[in-house]
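> Take a look and give me a structure for this.
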Amino acid sequence: MDMAMAARLGPLGLPHAALLGSSAAASTRALPLAPSRAPRLPYPLPHFPTCRRPSSSSSAAAYAARPRPRRGSPRLLAVRAMASGNPYAAELAAAKKAVTLAARLCQAVQQDIVHSGIQSKADKSPVTVADYGSQILVSLVLKMEVSSGPFSLVAEEEGILSAIDDGKSKGGPTGRHWVLDPIDGTKGFVRGDQYAIALALLDEGKVVLGVLACPNLPLSSISNPNGSSSGGQVGALFSATIGCGAEVESLDGSPPQKISVCSIDNPVNASFFESYESAHSMHDLTGSIAEKLGVLAPPVRIDSQAKYGALARGDGAIYLRFPHKGYKEKIWDHAAGSIVVTEAGGIVTDAAGNDLDFSKGRFLDLDTGIIATNKQLMPSLLKAVQDAIKEKNQAASLL
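Next up, the predicted model:
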C-alpha cells in the first residue's frame, strides 16, 4: 500500500470516509455511481420492517431511543415475527442493516481506489480492506441483532473470521447458516463499476431470506442496453423473504416497493444479462443460446449479483451464466440473488432445469450452468440452452 493510500485509511486500515459513513462518488463505465453526499455517521439506522412499508413518521432518533429487550432473545424474535406476519422479520431487518453498513464502507474504499487510479488487483490492499471490513461489519451486526445461539456464517473471506473468533461454517442441510459474499464482483469493484454485498439465510438447507446491496445500480430500472437509467438516484437494496415476495428500496432507506420479473413471453422482445468478464462466463455459448431463442437485443453485461436484482425488477428477461469447464459455483455467489428472483415470480435453475440445491455445503452441485427467467420463457429457454450445449460438445469432440 503506497503512502497516499495509507493517508486515506483510518484506524484498523479502514478509510476515514468509511468511519464517517460517507458515500462514494466515482463514475463507472456502464452505470452511473451515486453523487457525492455530505458525510454522516453510520448510526443510528432506521428500522426496516418487512411485508409492510415503514411509517413515514418514524425517525432514526426515535428508533435509537426506543426501549429494547435483550437483542437476539427468543421472545424478541417471536414478537417481531408475530407483528409482521413474517417468521424471519427480525433476521430480515438485521440483514438490511448489516449490508447497508457494509455498503457504506465499500463505497468509501471504492472511491479511494478510483481516485488513486488503481485499475487492477496488483495492489490488493484496498480490496482487502473492503472485503474484510464488509464481512466484519455484517458478522457483528448479525450477532448483535439476531444471534441467540451458535452463530454460523458461510462466507468467501473465511480467514478473517479468526479475527472475530466466531461463525466459520461450511453450511449444509441442517440448522441455520448465514451465507455472505462481502464484495461480489471484485473486478467490477476495482474498475469502479458494479458490485454487490450479498447476504442470505439458509434454514434446513433452503434459502429463506436474501438481501442484495448494489451501491452503483440505479434505483430505477435500466432503460436500455448501455446501462443508463430513467432516473438519477443510484444505490439499490433488494430483499426477499420466502413467501413474502421481493422488494427494492434505496440504500438511503426509502420506502420499499414490491417488484416482479417481466411478463415478456416472446423471446424476440427479450434481453438478457450475463457476466461482464468473459472469464466468468462463456460468452460464445450465451450468444448461441440467444441466437437460438431469437433474441435481438445485445447482451447487458454487469458484474456481480446485481444482475439478479435487475432481473427481479424486470429490467431484462433472462440471466445466463455458464462458467468455463472446471469451475465450481459457490453458494454465496447465488443464494441471495436467487431468492430475490424467485420471490419476484421468476425461476432459477441449472442448465438441465433442476432447482439450485444450497444444502450440499459451500459449493453448488449442478448441471453445466445457471439460468433465470420468467415462467413464460423458461420452456423455450431450456430447449435453447440444451441445444446450444449439445452443439458445443459435438464441435469439441471433432477437434
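
> okay, now residue 288: neighbour count?
18 (other CB atoms under 10 Å). Placement of C-beta: from N, CA and C, glycine included.

> Shouldn't it be within a helix?
Yes - per DSSP: H, G, I helix; E, B strand; the rest coil, residue 288 lies within a helix segment.

> For it, give its distance to residue 388.
Plainly put, residue 288 is 4 Å away from residue 388 if you go by CB to CB, to the nearest Å.

> how is the protein carved up into domains?
The chain breaks down into these domains under automatic domain parsing: 8-60+68-259, 267-397.

> got the contact list for the helix or strand that contains residue 342?
In the assignment (DSSP states H and E), residue 342 maps to helix 335-343. Outside helix 335-343, the residues within contact range by CB atoms under 8 Å, 6 or more residues apart in numbering are 179, 181, 196, 198-200, 202, 207-212, 238-242, 244-246, 261, 305, 307-309, 311-312, 319, 347-348, 356, 358, 372.

> try it again with 6 Å
Applying CB atoms under 6 Å, 6 or more residues apart in numbering, the set of residues contacting helix 335-343 from outside is 179, 198-200, 207, 210, 212, 238, 240, 245-246, 305, 308, 311-312, 348, 356, 358, 372.

> what's the burial count for the residue nearest to residue 259 when sequence neighbours are not counted?
Once flanking residues are discounted, residue 259 sits nearest to residue 313: 4.1 Å by CB to CB, 6 or more residues apart in numbering. Neighbour count of residue 313, defined by other CB under 10 Å: 26.

> Does residue 313 touch residue 258 like I think?
No - the criterion here is CB atoms under 6 Å, and residue 313 misses it with residue 258 at 9.6 Å.

> Can I get the domains of the chain in TSV including mean pLDDT?
Shown next, in TSV, are those (pLDDT from 0 to 100):
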stretch	mean pLDDT
domain 8-60+68-259	71
domain 267-397	94
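
> hang on, the earlier thing: can you flag which of the contacts of helix 335-343 belong to strands?
Among those, DSSP state E puts 179, 198-200, 207, 210, 212, 238, 240, 245-246, 348, 372 in strands.

> Of these, just say which sits nearest to residue 221.
Relative to residue 221, the closest of these is residue 238; by CB to CB it sits at 12.7 Å.

> Identify the residues contacting that closest one.
212, 248, 309, 340.

> Check which helix or strand residue 258 maps to.
Residue 258 is part of strand 257-259, with elements assigned from DSSP H and E.

> so what strands line up beside that strand?
Sheet pairing of strand 257-259 (DSSP bridges) gives strand 245-250 (antiparallel).

> got the residue ranges for the strands in this protein?
Ranges of strands within the chain are 152-155, 167-168, 176-184, 196-203, 206-218, 234-241, 245-250, 257-259, 272-274, 300-301, 318-321, 347-350, 370-373, based on DSSP E.

> So in the chain, which helix runs the longest?
Looking across the chain with DSSP state H, the single longest helix is helix 89-116.

> what's that one packed up against?
If you count contacts as 3 or more CB pairs under 6 Å, 6 or more residues apart in numbering; DSSP states H and E, helix 89-116 packs onto helix 16-20, helix 74-84, helix 125-145, strand 196-203, strand 206-218.

> Dump the third one to CSV, restricted to CA.
I take that to be helix 125-145. As requested, C-alpha coordinates have been extracted for helix 125-145 and formatted as CSV (Å, rounded to 0.1, in the frame of the first residue of the first chain):
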residue,chain,number,x,y,z
SER,A,125,-4.7,-3.7,0.0
PRO,A,126,-7.7,-1.5,-0.7
VAL,A,127,-9.8,-4.6,-1.9
THR,A,128,-8.7,-6.5,1.2
VAL,A,129,-9.8,-3.6,3.4
ALA,A,130,-13.2,-3.6,1.8
ASP,A,131,-13.6,-7.4,1.7
TYR,A,132,-12.6,-8.0,5.3
GLY,A,133,-14.2,-4.8,6.6
SER,A,134,-17.5,-5.7,4.9
GLN,A,135,-17.5,-9.2,6.4
ILE,A,136,-16.6,-8.0,9.9
LEU,A,137,-19.5,-5.4,9.9
VAL,A,138,-22.0,-7.9,8.6
SER,A,139,-20.9,-10.5,11.1
LEU,A,140,-21.0,-8.2,14.1
VAL,A,141,-24.4,-6.8,13.2
LEU,A,142,-26.0,-10.2,12.8
LYS,A,143,-24.5,-11.5,16.1
MET,A,144,-25.7,-8.4,18.0
GLU,A,145,-29.2,-8.2,16.4
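
> mind listing what's buried in it?
Neighbour counts over helix 125-145 (16 or more other CB atoms under 10 Å) mark 125-139, 141-143, 145 as buried.

> Give me the angle between that helix and strand 176-184.
150 degrees (axes from the mean of the first three to the mean of the last three CA atoms, to 10 degrees).

> What helices and strands are in contact with helix 125-145?
The contact analysis (3+ CB pairs under 6 Å, 6+ apart) places helix 125-145 against helix 89-116, strand 176-184.

> Quick check: which of those is nearest to residue 366?
strand 176-184 (16.1 Å).

> distance of residue 275 from residue 103?
Going from residue 275 to residue 103 by CB to CB gives 21 Å.

> same deal with residue 348?
24 Å.

> And those two? Which one has more around it.
Just comparing residue 348 and residue 103: by other CB under 10 Å the higher neighbour count belongs to residue 103, 24 against 21.
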